[in-house]
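J.: Give me a model of this one.
(chains A and B)
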There are 2 protein chains.
Amino acid sequence: MFVGLDVGGTTIKAATVDDSGRIVGQPVALATEADRGPEHGLHVMADAIRGAIANAASTIADIAAIGVATPGPIDIPAGMILDTPNLRGWRNVPVRDFVTQSFGRPTAFQNDANAAAVGEGWVGAGRGVRSMIDGRVVDGAHSHGGEIGHIKIEMTNPRLCGCGQRGCLEAYASATAVVARARESLQVDAGHSALHGVSELSARAVFDAAANGDALAQTLVDDTARYLAIGAATLMHVIDPEVIVFAGGMTAAGPALLEAIRRHVKDVAFPVPAARCAIRYSELGMDAGVIGAAGCARQLVEGPGSRRL
Amino acid sequence: MFVGLDVGGTTIKAATVDDSGRIVGQPVALATEADRGPEHGLHVMADAIRGAIANAASTIADIAAIGVATPGPIDIPAGMILDTPNLRGWRNVPVRDFVTQSFGRPTAFQNDANAAAVGEGWVGAGRGVRSMIDGRVVDGAHSHGGEIGHIKIEMTNPRLCGCGQRGCLEAYASATAVVARARESLQVDAGHSALHGVSELSARAVFDAAANGDALAQTLVDDTARYLAIGAATLMHVIDPEVIVFAGGMTAAGPALLEAIRRHVKDVAFPVPAARCAIRYSELGMDAGVIGAAGCARQLVEGPGSRRL
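T.: Residues are numbered from 1 along each chain as shown, chains lettered A, B, ... in the order given. Okay, here's the model as predicted:
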């Protein structure tokens, strides 16, 4: 068995996962409390791993390897979180060595989005797909591959991204960006949109209003689909994958958003990949990270053969 | 030895290449005359291959395999040119089978830009680099990978690309696009630019004027560098390569353009890849295509080991 650890800005989650990609026992989710610093964070990680092993009625002797997924940018050969916007103030944190030394097990390290992709490729929306590089993550020469949210999609008045730069896909199409764009649209709206009456604006509220026929919300959702389609087209023209899996908060928008993305892709991508590349939502949902981190651990100890997931 | 064939919109070029990537004998360059149709084109290809073998004082018995590079989009498993803007009217042309049947040799097939990348990785600007996927081309699930010119960089009033879609890098930063942008700028220029006096406007003329201090030309070159940097940043965030090699007509701009690209990359890409990814010009120049096509042929017959170039 393997333990997958998924470190997020608000929650650190761990689960014990068996060799067929099934979670064994209850996963553990603890508050990251990132503002208390990386030392505290490392101890929360260790607690989460211990809890996940205990919940699987197991001991460390049953665990072949541990996989750790954290937000990027990271340095995979060094095993370090570099300086990530989602964990403010953490800098050059040696996560992998800490886990290896604490548990005495081989430890895989990967960024969270790539780990989630490994999970989906193993037992989720990408299973059975001969994934782009035979099941291996394209983490690149400097551990910065797969930062799909930072594909540049706009040069004219480009929106500021959480990464500190401008024009990134994430600055247009993340759940946070949908809320920001909704606020801007509401400021210039004559006052007819139902969103004016929503006390706490969320991406979910925008998707719900669109489903109920609200014109302003529908424009917001359609624009979001167009942004995601443009990012998807760039991916198709660079790596031409068999499947693109969308995960995270945006999947709450349901099939309408997915359909709109597929429609826009036909307008902006080359006809062949537009027709053949499958566009799907995540099947593992919030578990993709821990299952994928465990999948990375499995790849680490089972050798190259296991890389063909 | 191998034969590399590089099919372009105006010229079909072939060369015999030895196992160390050196061209043997004089390469052959024949006019494509694309408007005479694909049947004629296939016969020109066969003539070019025969000529290259003869120029190497060799016979077909000395040739282990042939590599064919054509403009995309192509279908690699089917061995076909699909429907490419650079060869108008050619559609579903079975290039690979034609070459195999004409010469009785294993025939590799790849798009021209990816073949050039194989050439640079073998004996050019990328040699010695553990290339992104261990020397293999990322041609993707549907032969559309590596279409770097069709990374989307702009959504607002996006320029029309030769591919028929909008906002592609190529529509902003190819030599043709530089000329188009120069014409537009000259129309609104008060009349001070030296480019007004150029009878036949070319990218080269723009680069020369910029080198001579012409302000309008310098803006054009700097904008071109920014567009290329934005495309490079997207590549860094998706596949994070060790090196990005620029080839083609733009290299005529010399070191000033390359320096400007490097400068802009630091503004738009993540700091780690921006600092570590090498940005270079092609070293093989106009020979990259034939050498790379021969490199693809070599990979075809020498097995997976040879893929680690």
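J.: ok, which residues in the stretch 201-309 of chain A are in contact with chain B?
T.: Listed as neighbours of chain B in the stretch 201-309 of chain A under the rule C-beta under 8 Å from any C-beta of the partner chain: A:226-227, A:230-231, A:233-242, A:267-270, A:272-273, A:276-277. From N, CA and C alone the C-beta is placed, and that goes for glycine too.
J.: Which strands and helices lie in contact with the helix or strand that contains A:Val290?
T.: Secondary structure from DSSP states H and E places A:Val290 in helix A:288-302. If contacts are counted by 3 or more C-beta pairs under 8 Å, 6 or more residues apart in numbering or on different chains; DSSP states H and E, helix A:288-302 sits against strand A:2-7, strand A:11-17, strand A:23-31, strand A:65-70, strand A:107-111, helix A:112-123.
J.: ok now do the residue lying closest to A:Leu216 once chain neighbours are set aside, which residues does it touch?
T.: Nearest in space to A:Leu216, with sequence neighbours left out and distances taken as C-beta to C-beta, 6 or more residues apart in numbering or on different chains, is A:Ser193 at 3.8 Å. Shown in contact with A:Ser193 (C-beta atoms under 8 Å, 6 or more residues apart in numbering or on different chains): A:185-186, A:209, A:214-217.
J.: List just the nearest of these to chain B.
T.: A:Ser185 (16.7 Å; C-beta to the nearest C-beta).
J.: returning to that earlier point: make a PyMOL selection of the buried ones in the residues of the stretch 201-309 of chain A next to chain B.
T.: Buried members of these, defined by 16 or more other C-beta atoms under 10 Å in any protein chain shown, are picked up in PyMOL with:
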select buried, chain A and resi 226+227+230+231+233+234+235+236+237+238+239+240+241+242+268+269+270+272+273+277
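J.: From the residues of the stretch 201-309 of chain A next to chain B, which land in helices?
T.: Among those, the members found in helices (DSSP state H) are A:226-227, A:230-231, A:233-238, A:267-268, A:272-273, A:276.
J.: A:His237 touches A:Ala269, doesn't it?
T.: Yes: counting by C-beta atoms under 8 Å, A:Ala269 is a contact partner of A:His237 at 7.1 Å.
J.: quick one on the thing from earlier: between the helices and strands packed on helix A:288-302, which shows the greatest average number of neighbours?
T.: Mean neighbour count (mean count of other C-beta atoms under 10 Å in any protein chain shown) peaks for strand A:2-7 among the helices and strands packed on helix A:288-302, with a mean of 31.
J.: which neighbours does that strand have in its sheet, and in what orientation?
T.: The sheet places strand A:2-7 alongside strand A:11-17 (antiparallel), strand A:65-70 (parallel), with pairing taken from DSSP bridges.
J.: and that strand with strand A:107-111, angle?
T.: Here strand A:2-7 points in a direction 40 degrees away from that of strand A:107-111 (axes from the mean of the first three to the mean of the last three C-alpha atoms, to 10 degrees).
J.: residue boundaries of the strands in the stretch 151-300 of chain A?
T.: A:243-246, A:278-281 (DSSP state E, counting those that start in this stretch).
J.: could you dump the ones you listed to TSV with mean neighbour count and mean pLDDT?
T.: Formatted as TSV, those follow (neighbours: other C-beta atoms under 10 Å in any protein chain shown; pLDDT from 0 to 100):
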stretch	mean neighbour count	mean pLDDT
strand A:243-246	20	90
strand A:278-281	17	93
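J.: I'd like to know which of these lies nearest to A:Thr32.
T.: Comparison of those against A:Thr32 by C-beta to C-beta identifies strand A:243-246 as nearest, at 24.2 Å.
J.: What lies in contact with that closest one?
T.: A:117, A:120, A:124-126, A:129, A:228, A:232, A:235-236, A:258, A:261, A:277-282.
J.: Just list the residues touching the residue nearest the centre of chain A, thanks.
T.: With distances taken as C-alpha atoms, centre = their mean, A:Ala113 lies nearest the centre of chain A, 3.5 Å away. Residues near A:Ala113 by C-beta under 8 Å, 6+ apart: A:72, A:146-149.
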